[in-house]
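Asks: Requesting a structural model of the entry that follows:
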Amino acid sequence: MCGRFALTASPEEVREILGVIELDGFPPRYNIAPTQPILVAVASPPADPGSNRPDRMALLVRWGLIPSWVKDPKEFTLLINARSETAIEKASFRAAMRHRRILVPASGFYEWHRPSKESGDKPQAYWIRPKTGGIVCFGGLMETYMSKDGSELDTGCILTVGANRSISQIHDRMPVVIAPQDFTRWLDCRHGEPRDVVDLMRPADEDYFEAIPVSDLVNKVANAGPELQVPVEPAPKKQRPASDRSGDGQMSLF
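Replies: Presented below is the predicted three-dimensional model:
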């Protein structure tokens, strides 16, 4: 699952990693939420022979994919994520997997550890970012939806995969991370079939991300400043009665 993320890098940094020439300036965004515009990179249309045009370009799309066959978006579930394991076959994502794969640049994402109701503990938000800093690019999908009046809306979603061991202690899913050396292969929908990029849809390496506990300010879309990423001390866990505790002597990480 990826329901919130941030992009706080400068336009110059984003332009460099994506390999695009034209990219309008934009402010840092600390709390990007579904239905908001997100920056993505797509493969450029075929260029004329001898052209030095870059093979990628940047676009803004609405976060929340709408398949082309949807009749009324108001009655359709908002698709902010797509499970990588089933995206090739599922009707909502099949065409986009074949023809419209994208990159979604981010500085990191937010995730919530949600304890069982029986524990009585509150959910804990985490800011999850690359340990070395910089920009991470998620694999995503794009569709252009045409309404009845002929207007077009570019929409997109982020692919997810089963979490690696470290992130699974917070949540069982994580975004698909595409490494820079794989950008071209991932975006090449003219020559590459979905089956040719299945190997790229895997969990990030164990030491790639670090998870920082943060406050619940991120829960509200209106909160959009750097204070969302200030580390906090996680709330102490409630003590269960001795009769409810496991007798195996093991302690939970959360």
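Asks: Does anything pack onto the helix or strand containing I158? Which helices or strands?
Replies: Secondary structure from DSSP states H and E places I158 in strand 152-162. Contact partners of strand 152-162 among helices and strands, from 3 or more Cβ pairs under 8 Å, 6 or more residues apart in numbering; DSSP states H and E: strand 56-63, strand 81-83, strand 101-106, strand 136-146, strand 173-175. Any C-beta I mention is one placed from the backbone N, CA and C, and that applies to glycine too.
Asks: for those strands, which one sits closest to S119?
Replies: Smallest distance to S119 across the helices and strands packed on strand 152-162 (Cβ to Cβ): 21.0 Å, for strand 173-175.
Asks: Rounded mean pLDDT for that closest one, please.
Replies: Strand 173-175 shows a mean pLDDT of 98.
Asks: do the same with stretch 115-133
Replies: Stretch 115-133 comes out at a mean pLDDT of 90.
Asks: Quick one: the helices and strands packed on strand 152-162 as a markdown table, columns for distance to E89 too.
Replies: Listed next are those as a markdown table, based on distance: least, Cβ to Cβ, whole Å:
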| stretch | distance to E89 |
| --- | --- |
| strand 56-63 | 23 |
| strand 81-83 | 11 |
| strand 101-106 | 16 |
| strand 136-146 | 14 |
| strand 173-175 | 18 |
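Asks: what's the most buried one of the ones you listed?
Replies: Across those, averaging neighbours per residue (mean count of other Cβ atoms under 10 Å) puts strand 101-106 on top, at a mean of 26.
Asks: now the angle between strand 56-63 and that strand, please.
Replies: 80 degrees (axes from the mean of the first three to the mean of the last three Cα atoms, to 10 degrees).
Asks: Can you tell me how far I167 is from E22?
Replies: 34 Å (Cβ to Cβ, to the nearest Å).
Asks: So for those two, which sits in the more crowded spot?
Replies: Neighbour count, other Cβ atoms under 10 Å: between I167 and E22, I167 has more, with 22 against 8.
Asks: List the contacts of the closest residue to the more buried one other than its chain neighbours.
Replies: Leaving aside its chain neighbours, I167 sits nearest to M174 (4.8 Å; criterion: Cβ to Cβ, 6 or more residues apart in numbering). Contact partners of M174, counting by Cβ atoms under 8 Å, 6 or more residues apart in numbering, are 2, 111, 160-164, 167, 203-204.
Asks: got a markdown table for those residues, with distance to K74 and pLDDT too?
Replies: Formatted as a markdown table, these follow (distance: Cβ to Cβ, whole Å; pLDDT from 0 to 100):
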| residue | distance to K74 | pLDDT |
| --- | --- | --- |
| C2 | 24 | 87 |
| E111 | 28 | 97 |
| T160 | 25 | 98 |
| V161 | 30 | 98 |
| G162 | 32 | 97 |
| A163 | 32 | 98 |
| N164 | 37 | 97 |
| I167 | 34 | 97 |
| P203 | 35 | 97 |
| A204 | 35 | 97 |
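Asks: Show the buried residues in these.
Replies: 2, 111, 160-161, 163-164, 167, 203-204 (16 or more other Cβ atoms under 10 Å).
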